[in-house]
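> Dropping a prediction and its sequence here:
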Amino acid sequence: MMDLTSLADFGLAWLEASGPHADIVLSTRVRLARNLQGQLFPTRARVEDREQVYAQVRQAAARTDTLQGGAALDLAALRPLSRRILLERHLVSRELAGTDSEPPARGAGLFLGPRETIGVMINEEDHLRLQCLLSGLRLQEAFSRVDRLDDELGALLPIAYHHEAGYLTSCPTNVGTGLRASVLIHLPGLVLTKEIGKVLQGISQVGLTFRGLYGEGSEVVGNFFQISNQTTLGKSEEDLIDHLQKIVGQVIQYEVQARNVLMRDAPMVIEDKIWRAYGLLRFARSLSFSEVMNLLSGLRLGVSMNLLPGLRVYTLNKIMIYAQSAHLEQAAGRNLTETEADVHRAGYVRQVLSNEGDVRSDGSATGGMGEKQR
Amino acid sequence: MLCDNCGDSEAVIHLTQIVNNEMTTYHLCERCAEERGLEPGEAVGSLPLTDFLAQMGKSSPATGTGSDAGPCSFCGLELEDFKKTGRLGCPQCYVTFDAHLRSLLRRLHGGTQHVGKVYLPPDPTKAERQERLAALRRKLDKAVAGEEFERAAQLRDQIRALEAALG
């Protein structure tokens, strides 16, 4: 099987920074958890069972319009670097990616459609995890796409479904619709104005939950928050999606308000913060990934507020992905120690910014409080 | 884990609070939680799954509501395994542990009845088609009301196909 992860932009259509609010909402993801009737759930299944599920789903996937002509990746057979790359591109979960020393159990797979924004993880916690990943805030669209794939697969596979509990899942927190809709949202304004606590608390009071960049249990990095529905049973898919859409819309409003307050009360502090971030990224010789993420947060804020003319959100999205360690190792063609990776990372960021983000230093959109006054 | 407050009883309530942007997690025993006005039965709506399970493990022998279902006939999973891992073994577990799951689902989701998409299996029966059709019509009404025309068109196609299949 061809190693598709070596293709430079495999599975990265969601980076294009195209959807609505793409400066604030990095991506939208909708996933549906499904299991096959008469099979043990993956965590309890034997290797033979898991491999049978993989084969059965693969056969069905090849007959769907959505996945036909796409890629089928047998994760247990992939080299560790490729698995890390898939994880860094948000195409598989940590569980499915395994680790360098411990590959995922046999039968773990990822099928991706030819347009790459839609796919199925096989033998994760559930037999099938259908997911659609889109750029910007596009919940309805992501749901529609994944729902269509679910119809296609459901017509070919016997899915575990109960008239009362709905779609049956390994963990009862997913039962019913099996739907988890989430948006990855950038909230520096709320963090800087220290309003974020209130907002997050509000979110958890209306049946939503928040996480860090890489899903469950992960840390909040670079002011990115993942907001998703908490419950999956007792409401229709459309209601869950609508509710999330409405609340995310409000959070965006709060974020915009917070930014306006910052620009009204402390414009120089904000501009300075953004330009310092730019300066460090543009010229530093060694950068850790969390440092890059935090500095990119400043740049994203700057681009979003038209303070860094010429720099595009897409460029920032790209850096977020390619400045991660597996991507740097892939580019270097060898393993890198942490220190080496920091140097490679800084080199990569400098190069990208000099090629597609060389902002003129008087590029201030607030009337040139910088150079022009001199 | 012992209670953060009294330090001598097992902590059963794990509460995460965000105050002034500081996230703090408290681990409290039942008595100290009660003193702080945290009723295990009420505050529970926002707590993660493992805490529900810890609670179930604690309260069921005392109240005697736990049914001794025995292991799942299909996969052999014991209720104790589920309480430890939070993962069920197979679809049949939902039937085997119905009594336990029902109260858990109510606490987790606020309900036990699925009202979303109705699964249409390969070679569906007439009843399955009709149930699916009813669900699709509900969705269509909602899409039209919400002026989601692309979604409505998609649903209309599905409804027509099903109606044709039903004759």
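All right, it came through fine. Numbers count the residues shown, from 1 in each chain, chains lettered A, B, ... in the order given.
> who touches the helix or strand hosting residue A:227?
Per DSSP states H and E, residue A:227 falls inside strand A:224-229. Contact partners of strand A:224-229, identified using C-beta atoms under 8 Å, 6 or more residues apart in numbering or on different chains, comprise A:26, A:179-187, A:200, A:203, A:207-213, A:215, A:240, A:243-244, A:247-248, A:251, A:293, A:297. In short, each C-beta sits where N, CA and C put it, glycine included.
> List the contacts of the most centrally placed residue in chain A.
Compute the mean C-alpha point of chain A, and by C-alpha atoms, centre = their mean the closest residue is residue A:90, 5.0 Å away. Contacts for residue A:90 (C-beta under 8 Å, 6+ apart) come out as A:14, A:27, A:29, A:133, A:214.
> Among those residues, which ones lie close to chain B?
Of the residues in those, proximity to chain B by C-beta under 8 Å from any C-beta of the partner chain holds for none.
> just the residues you listed now: which is nearest residue A:38?
The shortest approach to residue A:38 among the contacts of residue A:90 belongs to residue A:29, at 29.4 Å (C-beta to C-beta).
> Kindly indicate whether the closest one is helix, strand or coil.
Per DSSP: H, G, I helix; E, B strand; the rest coil, the secondary structure class of residue A:29 is strand.
> I'd like to know how many residues surround it.
Close neighbours of residue A:29, defined as other C-beta atoms under 10 Å in any protein chain shown, add up to 22.
> and it, how far is that from chain B?
Between residue A:29 and chain B the distance is 18 Å, computed by C-beta to the nearest C-beta, to the nearest Å.
> right, and that residue touches residue A:142 too?
Yes - between residue A:29 and residue A:142 there is a contact under C-beta atoms under 8 Å: 6.8 Å.
> what sits in contact with each of the two?
In contact with both residue A:29 and residue A:142: A:132, A:133, A:134, A:181, using C-beta under 8 Å, 6+ apart.
> Select from these every entry located in strands.
Secondary structure from DSSP state E places A:132, A:133, A:134, A:181 of the shared contacts of residue A:29 and residue A:142 in strands.
> Any regions of chain B where pLDDT drops low?
Counting by pLDDT under 70, chain B contains low-confidence ranges at B:12-26, B:30-68.
> mind checking the backbone torsions on residue B:2?
For residue B:2, the backbone dihedrals (degrees, to the nearest 10) come out as phi -90, psi 160.
> Any figure for the gap between it and residue B:83?
According to C-beta to C-beta, to the nearest Å, residue B:2 stands 20 Å off from residue B:83.
> again, but for residue B:143
41 Å.
> what about those two, which has more around it?
A count of neighbours by other C-beta under 10 Å puts residue B:143 above the other of residue B:143 and residue B:83, at 20 against 17.
> any idea how far that one is from residue B:156?
Using C-beta to C-beta, which is the criterion applied here, residue B:143 is 9 Å from residue B:156.
> How about residue B:92?
Distance, residue B:92 to residue B:156, using C-beta to C-beta: 37 Å.
> Mind checking which of these two has more residues around it?
Using other C-beta under 10 Å as the criterion, residue B:92 and residue B:156 rank with residue B:92 on top: 19 against 14.
> where along the stretch 151-300 of chain A do the helices fall?
In the stretch 151-300 of chain A, the segments counted as helices under DSSP state H, counting those that start in this stretch are A:188-192, A:196-205, A:237-265, A:267-283, A:289-304.
> which one of those lies closest to residue A:125?
helix A:237-265 (19.4 Å).
> Now do whatever helix or strand residue A:341 lives in: distance to the chain's middle.
If you go by DSSP H and E, residue A:341 is part of helix A:338-356. Its chain's C-alpha centre and that of helix A:338-356 lie 22 Å apart, by C-alpha atoms, centre = their mean, to the nearest Å.
> Ok, stretch A:180-193 next?
Relative to its parent chain, stretch A:180-193 has a centroid offset of 13 Å by C-alpha atoms, centre = their mean.
> what about that stretch, how long is it end to end?
30 Å (C-alpha to C-alpha, to the nearest Å).
> tell me the mean pLDDT over that stretch?
Mean pLDDT, stretch A:180-193: 95.
> Could you list the buried residues of it?
A:180-193 (16 or more other C-beta atoms under 10 Å in any protein chain shown).
> How about stretch A:331-339?
residue A:336.
> Taking the stretch 1-150 of chain A, what residue is nearest to chain B?
residue A:44 (4.3 Å; C-beta to the nearest C-beta).
> any idea how far the nearest residue to that residue once chain neighbours are set aside lies from residue A:111?
Nearest residue to residue A:44, sequence neighbours excluded (C-beta to C-beta, 6 or more residues apart in numbering or on different chains): residue B:89, at 4.3 Å. According to C-beta to C-beta, residue B:89 stands 25 Å off from residue A:111.
> Likewise for residue A:312?
On the measure of C-beta to C-beta, residue A:312 and residue A:111 end up 31 Å apart.
> more crowded one of those two?
Higher neighbour count among residue A:312 and residue A:111: residue A:111, with 24 against 14, using other C-beta under 10 Å.
> Which helix runs longest in chain B?
Using DSSP state H to define each element, chain B has its longest helix at helix B:126-145.
> That one to helix A:237-265, inter-axis angle?
If you take axes from the mean of the first three to the mean of the last three C-alpha atoms, to 10 degrees, helix B:126-145 sits at 30 degrees to helix A:237-265.
> anything in helix B:126-145 sitting right up against chain A?
Yes - shown here: helix B:126-145 in contact with chain A (C-beta under 8 Å from any C-beta) through B:131, B:138, B:139, B:142, B:143.
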